[in-house]
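K.L.:
test case, fold it:
(chains A and B)
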Amino acid sequence: MANLTELKVGQRAIIKEYHSFLPHIKLLEMGCLPGNTVELVQIAPLNDPIYINVNGSHIAIRKSTAAKIEIELL
Amino acid sequence: MSKTINVALIGNPNTGKTSVFNSLTGLNQKVGNYPGITVEKKIGSCKLSNGIKAQILDLPGTYSLNTTSLDESVVVELLMNKKDSLYPDVAVVVSDVENLKRNLLLFTQIKDLKIPSILVINMADQMPRKGISIDVELLEKQLDTKIAVVSTRKGEGIEKIKDLIAAYDTLSNSPNTDVSVIDPTYFERLKTVFPKEDIYKLWLVITQDVNFTSIEKKSLDRLTSFQTKKKEELKKLQHRETVLRYQFINGVLKESYKVDYPSAKGLRASLDKILMHKIFGYVIFFAILLLIFQAIFEWSSYPSDWIDEQFAFVSDWIKNTLPPGILTNLLSEGIITGIGGIAVFIPQIAFLFLFISILEESGYMSRVVFLMDKLMRPFGLSGKSVVPLISGTACAIPAVMATRTIENWKERLITILVVPFTTCSARLPVYLILIALVIPEGTFLGISFKALTLFLLYLIGFAMALFSAMALNKMLKIRSRSFFMIEMPTYRLPLFKNVFYTVVEKTKSFVFGAGKIILAISIILWFLGSYGYSENFKNAEEIVSQRIEENGLNDYSKNYIKKNLLNYSENKGQPTGSIPNPLKITPEQDSLRILNNQLFERAKNQEIASYKLEHSFIGYAGKAIEPIVKPLGYDWKIGIAVITSFAAREVFVGTLATIYSVGNDEEETIKNRMAAELNDKGKPLFNLASGVSLMLFYAFAMQCMSTLAIVKRETNSWKWPLIQLIFMSLFAYVVAMSAYQILS
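P.N.:
Numbering: from 1, shown residues only, chains lettered A, B, ... in the order given. Just a heads-up that it's a prediction; the model follows:
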């Protein structure tokens, strides 16, 4: 199953329902909710963190967090 | 008497909340700390049209009422406590037009607390460019609130906010959502146990780890049964609550908020590409760091020197004008010099905060974090620590103040604790004179040993800072957000007003916050160095005068005078030999005699000063600590210099000059005098072993009272500066001793 780290720059996806893992409440508040669209804007030059646009919020998160968020590619 | 109401300014970070605050209050601001913690508390006031005075509290930026940091806890605690003297009569929620959807999450939570609320939609000037249109009237109806569309950049809409605040008693205080729908049976149970309490407040008490005073302690016992039962369940419920709020918000915005997406991108994308480019990104960042460094190291030295001169002038003037005595001395040498010692830091602080507020305001600081996160992560720091650490290379004081931009308290504390290890400019005079004295001539790979030593000292300082950060990260047990997330805000042109206010406020906070402590310590140090209790001290002038009459000046002074006279007469082209006819003194000979007298007076005064210092309180302290500093290769004279340089490291050189009774205005003289000093084995006192030991001591020891004072202010307790002082001094002692023992 695909997760957020597998997105390519400029690619968009839909966040899938959370099952075993529930992300930090702050991520949910920023709009990382199931059904919302997420786009990978940029990857840091040192390959981590990643910069995403989710539901209109532009945020940077580490890959370790991103790896737990399952997505469906658009 | 006019009525005063409390207004709380609440909003997400990066919404221009501070701009709104500045526009509303102007310079009527007071900045302090919340009692017992380090969160900044900003209060201002403004007059409203109907004569009511609004006391405006600028709360820390927060994304929601779910707390994960101290800053956010402050917000929740205030909004939950009706008895708090600052409990708002009206909440002004500031949002930014581009991120309205996310900003409304916080708004609905505040509405649900039944606090009368106003929504400010800021940055309205961006709307046409971003293709955004809003039906304000519809939105007001749907959110059951009043809205002010504002552009702080253009100064539009501020009056509207004031009018809405003035009419605060007409605002609705009914909630936006009903939180109990996320788990009806659970909330039904809560209701039966606490029939009197508001259900959303109860929910916050259960889920948030904050100190609540409004709800009785005993009821909290019953609450814990709701808490412990289902930790994971609670998290799921919070998830559901967030979904619920977004459902409500999406429903609201569907009708009233339109974005034309293609025009929304643009500037952000192109600037991001350059500023976070693999190569250019780092090149630009280091260029900016270099510029900051240049400003605090180089540019600020002009105003600093000027300030220094002015205070020296005033000090002299007082000494020459007022009748001599202890009070005049206290005023001119203790107080004025002490205040001068605070004022010289102002240019550095102003310059650093000029840059930092521009970086923050423009949105660039988040990009720095993005670029540097991976590099700093092993040390428990994030990219935000980079700017303070680098600016510490100029001066630790503004650097410690700059850590305010780090939201994570643990990271901020670590940065504050390790910054003083970086090689600040006050260490340079000490390093330079010691390097010149003890490091041999010669080159390694074409670079002189001396230059290499200086480079190594910089490297050691930086390495030590990073290494201690890593250790502290493991040792400190502080609740902090365990995961990393940072918003990448839109790029904006910094507002001059905001930058200006930041610079003024930071400077004020240093002068009035840390200044008191610095002044007190410098007066104490001055007193201990200028006064003594022994007979020797009281009769210093007679004792030294008599000694000179009997034995003449000391050898060093004699040589010094001879050399100066020689120089003088060589320049004049006259032989200094015997005077052929004592009755016929030429004008040249006369001037030579005057010079001789001047030099003699000067040398005598220097010998008196040296004698006085030796027999002052500090002099005795220096002698008392000789056994302690002996293993480091120092004698009591260096001991005295180590004690006095606690005021500031560069004082080390000046103290040695006084104690060796040479003028401290000529570096060559001091250096020669230091080179001539012998230890008890008849070898030069300043040799490789003791020199390296001293340099390492100054590299690691917390020899700076101003840094201690600012750490006290920034951590709001004496605990951390004292730990810092003790740890750094002990560490410096051990390292310096090892170095001396190995090298000698």
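
K.L.:
ok, and the closest non-adjacent residue to the spatially most central residue of chain A?
P.N.:
With distances taken as C-alpha atoms, centre = their mean, residue A:4 lies nearest the centre of chain A, 4.7 Å away. The spatial neighbour of residue A:4 that comes closest, neighbours along the chain excluded (C-beta to C-beta, 6 or more residues apart in numbering or on different chains), is residue A:66 at 3.9 Å. To be clear about C-beta, it is placed using only N, CA and C from the backbone, and glycine gets the same treatment.

K.L.:
report the contact partners of the one you found.
P.N.:
Counting by C-beta atoms under 8 Å, 6 or more residues apart in numbering or on different chains, residue A:66 touches A:3-5, A:50, A:52.

K.L.:
can you add distance to residue B:570 and give those residues back as a markdown table?
P.N.:
Formatted as a markdown table, the contacts of residue A:66 follow (distance: C-beta to C-beta, whole Å):
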| residue | distance to residue B:570 |
| --- | --- |
| A:3 | 83 |
| A:4 | 81 |
| A:5 | 78 |
| A:50 | 73 |
| A:52 | 77 |
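
K.L.:
narrow these to just the buried residues.
P.N.:
Buried by 16 or more other C-beta atoms under 10 Å in any protein chain shown: A:4-5, A:50, A:52, out of these.

K.L.:
of those, which pair is most distant in space?
P.N.:
The span of those, defined through C-beta to C-beta, is set by A:5 and A:52 at 10.6 Å.

K.L.:
residue A:39 in helix, strand or coil?
P.N.:
Here residue A:39 is recorded as strand under DSSP: H, G, I helix; E, B strand; the rest coil.

K.L.:
burial count for it?
P.N.:
16 (other C-beta atoms under 10 Å in any protein chain shown).

K.L.:
that one and residue A:15 touch, don't they?
P.N.:
No. Residue A:39 lies out of contact with residue A:15 (C-beta atoms under 8 Å); the separation is 11.4 Å.

K.L.:
now the common contact residues for the two.
P.N.:
When C-beta under 8 Å, 6+ apart defines a contact, the residues bordering residue A:39 and residue A:15 alike are residue A:54.

K.L.:
around chain A, pick out the residues from the stretch 351-500 of chain B.
P.N.:
B:366, B:369-371, B:373-375, B:481, B:483-490 (C-beta under 8 Å from any C-beta of the partner chain).

K.L.:
also the stretch 501-650 of chain B?
P.N.:
Checking the stretch 501-650 of chain B against chain A by C-beta under 8 Å from any C-beta, there are no hits.

K.L.:
looking at the stretch 501-650 of chain B, which residue is nearest chain A?
P.N.:
When scored by C-beta to the nearest C-beta, the stretch 501-650 of chain B has residue B:502 as its residue closest to chain A, at 24.0 Å.

K.L.:
now the buried ones among the contacts of residue A:66 in JSON lines, with secondary structure and pLDDT?
P.N.:
Listed next are the buried ones among the contacts of residue A:66 as JSON lines, based on DSSP: H, G, I helix; E, B strand; the rest coil; pLDDT from 0 to 100:
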{"residue": "A:4", "secondary structure": "helix", "pLDDT": "91"}
{"residue": "A:5", "secondary structure": "helix", "pLDDT": "92"}
{"residue": "A:50", "secondary structure": "strand", "pLDDT": "95"}
{"residue": "A:52", "secondary structure": "strand", "pLDDT": "95"}
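
K.L.:
I'd say residue B:534 and residue B:615 touch.
P.N.:
Yes. Residue B:534 is within contact range of residue B:615, at 5.5 Å (criterion: C-beta under 8 Å).

K.L.:
between those two, who's got more neighbours?
P.N.:
Shown here are residue B:534 and residue B:615; by other C-beta under 10 Å, residue B:615 has more neighbours (22 against 13).

K.L.:
give me the nearest residue to residue B:171, chain neighbours excluded.
P.N.:
Per C-beta to C-beta, 6+ apart, closest to residue B:171 is residue B:116, 3.8 Å.

K.L.:
tell me, how many residues neighbour residue B:473?
P.N.:
16.

K.L.:
determine which two of the contacts of residue A:66 are furthest apart.
P.N.:
The span of the contacts of residue A:66, defined through C-beta to C-beta, is set by A:3 and A:52 at 12.4 Å.

K.L.:
which bits of chain A sit near chain B?
P.N.:
Chain A has residues A:18, A:22, A:24-31, A:33, A:41-42, A:44-49, A:51, A:55-62, A:65 near chain B, with proximity defined as C-beta under 8 Å from any C-beta.

K.L.:
from those, list just the buried residues.
P.N.:
By 16+ other C-beta under 10 Å, the residues of chain A next to chain B give A:18, A:24-31, A:33, A:41-42, A:44-45, A:48-49, A:51, A:55-62, A:65 as buried.

K.L.:
contact partners for the most centrally placed residue in chain B?
P.N.:
Among the residues of chain B, the one closest to the centroid is residue B:401, at 1.6 Å (C-alpha atoms, centre = their mean). For residue B:401, the contact set (C-beta under 8 Å, 6+ apart) comprises B:349, B:352-353, B:506, B:509-510, B:710, B:714.

K.L.:
and which of the residues you listed is nearest residue B:443?
P.N.:
In terms of C-beta to C-beta, no member of the contacts of residue B:401 lies closer to residue B:443 than residue B:352, at 36.1 Å.

K.L.:
any idea which element the closest one lies in?
P.N.:
Applying DSSP states H and E as the criterion places residue B:352 in helix B:346-362.

K.L.:
how about the strands in chain B?
P.N.:
Here chain B has its strands, by DSSP state E, at B:4-11, B:29-33, B:40-47, B:53-58, B:90-96, B:117-122, B:132-134, B:146-149, B:257-259, B:443-444, B:447-448, B:485-487.
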